[in-house]
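Q: Let me see the structure of the following:
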Amino acid sequence: MTDYFLPPEKTVERIDELCIRLFELWCEERKLVPLAYLLHCWPLTGHDAVAVKRLADAMSDLCQFQTPKLGTRESMLAREIIGYAREIIGEPLPRGNTAANGAGIMWMRTRLANAAGQMPAVTVADLLDGPL
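A: Below is the predicted model:
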């Protein structure tokens, strides 16, 4: 079961696990272009936001400009990396995208509630509902 509230250290570990999967997959299939995008910014040298943002930007560029070179599974893994990375750096997700762990709506409600000075009301339904 997916843990919706990971601390930043665990989130970075999860990003590393996903990158290892992509690395192994692209090495086996000899996909050089996606591998070049990944190796440009990974392995992460630390838990700093700059390195994580660089990884998110590279994976985002890969998904945007090299879509034909990615399979469905690879694309999902890359988007999951992007979602986790954006959670760490505090950058909002692009409109229409959900968070890597499927809790995009909940995160948006929490951010809006915090900006308005209200306490967020999070329920199980928020995690299970799709886009509003």
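Q: buried sites along the lengthiest helix in the chain?
A: In the chain, assigned by DSSP state H, the helix with the most residues is helix 8-29. Buried residues in helix 8-29, counted by 16 or more other Cβ atoms under 10 Å: 11-12, 14-15, 18-19, 22-23, 25-26. (Each C-beta comes from the backbone N, C-alpha and C, glycine too.)
Q: And those residues, which is closest to Trp42?
A: Distance to Trp42 across the buried residues of helix 8-29 (Cβ to Cβ) is lowest for Cys19, with 4.9 Å.
Q: For the closest residue to the closest one other than its chain neighbours, give me its contacts.
A: Sequence neighbours aside, Trp42 is the residue nearest to Cys19 in space, at 4.9 Å (criterion: Cβ to Cβ, 6 or more residues apart in numbering). By Cβ atoms under 8 Å, 6 or more residues apart in numbering, the contact set of Trp42 is 19, 23, 55.
Q: Which member of those is positioned nearest Gly71?
A: Looking across the contacts of Trp42 and measuring by Cβ to Cβ, the closest to Gly71 is Phe23, at 14.9 Å.
Q: What is the burial count for the residue nearest to that closest one when sequence neighbours are not counted?
A: Spatial nearest neighbour of Phe23, excluding adjacent residues (Cβ to Cβ, 6+ apart): Leu38 at 6.2 Å. Other residues lying near Leu38 total 21 when counted by other Cβ atoms under 10 Å.
Q: what's in contact with the longest helix of the chain?
A: 3, 6, 31, 34-35, 38-39, 42-44, 47, 52, 55, 73-74, 77-78, 80-81, 84-85, 87-88.
Q: what are the ranges of the helices in this structure?
A: 8-29, 32-39, 49-65, 72-89, 104-115, 124-128.
Q: mind putting these in JSON lines, mean pLDDT included?
A: Formatted as JSON lines, the helices of the chain follow (pLDDT from 0 to 100):
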{"stretch": "helix 8-29", "mean pLDDT": "91"}
{"stretch": "helix 32-39", "mean pLDDT": "93"}
{"stretch": "helix 49-65", "mean pLDDT": "92"}
{"stretch": "helix 72-89", "mean pLDDT": "91"}
{"stretch": "helix 104-115", "mean pLDDT": "50"}
{"stretch": "helix 124-128", "mean pLDDT": "45"}
